[in-house]
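Trainee: Structure here, sequence nowhere to be found:
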């Protein structure tokens, strides 16, 4: 995805990791990337849960 947001898939679980060292603040770029990530999650019938860390 990007170096700011990484994803890992394990079965029906999607793990989304934010890597923004300054308090993991969400700027415009990160917000858009998160939107893309969760649209893909929403549209994948095999995924059941997303964990954000």
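Mentor: Sure thing, it's come through. As the structure is a computational prediction, the values presented were derived from the model and not from experiment. Numbers count the residues shown, from 1 in each chain.

Trainee: any idea how far residue 52 is from the residue of the chain lying at maximal distance from its centre?
Mentor: Largest separation from the mean C-alpha position in the chain: residue 22, at 17.7 Å (C-alpha atoms, centre = their mean). Per C-beta to C-beta, to the nearest Å, residue 22 is found 17 Å from residue 52. All C-beta atoms are positioned from the backbone trio N, CA, C, and that covers glycine.

Trainee: Surely the residue farthest from the centre of the chain is in a helix?
Mentor: No - secondary structure of residue 22 (DSSP: H, G, I helix; E, B strand; the rest coil): coil, not part of a helix.

Trainee: check contacts around residue 6.
Mentor: 16, 17, 19 (C-beta atoms under 8 Å, 6 or more residues apart in numbering).

Trainee: Residue 32: which of these is nearest?
Mentor: Set against residue 32, the nearest of those by C-beta to C-beta is residue 16 (14.0 Å).

Trainee: so that closest one makes contact with residue 9?
Mentor: No - judged on C-beta atoms under 8 Å, residue 16 makes no contact with residue 9 at a distance of 10.2 Å.

Trainee: okay, these two: which has more neighbours?
Mentor: Between residue 16 and residue 9, counting by other C-beta atoms under 10 Å, residue 16 is the more crowded of the two (18 against 12).

Trainee: And what about the more buried one, helix, strand or coil?
Mentor: strand.

Trainee: can you give me the strands in this structure?
Mentor: 5-10, 13-18, 49-52 (DSSP state E).

Trainee: I am finished for the moment; much appreciated.
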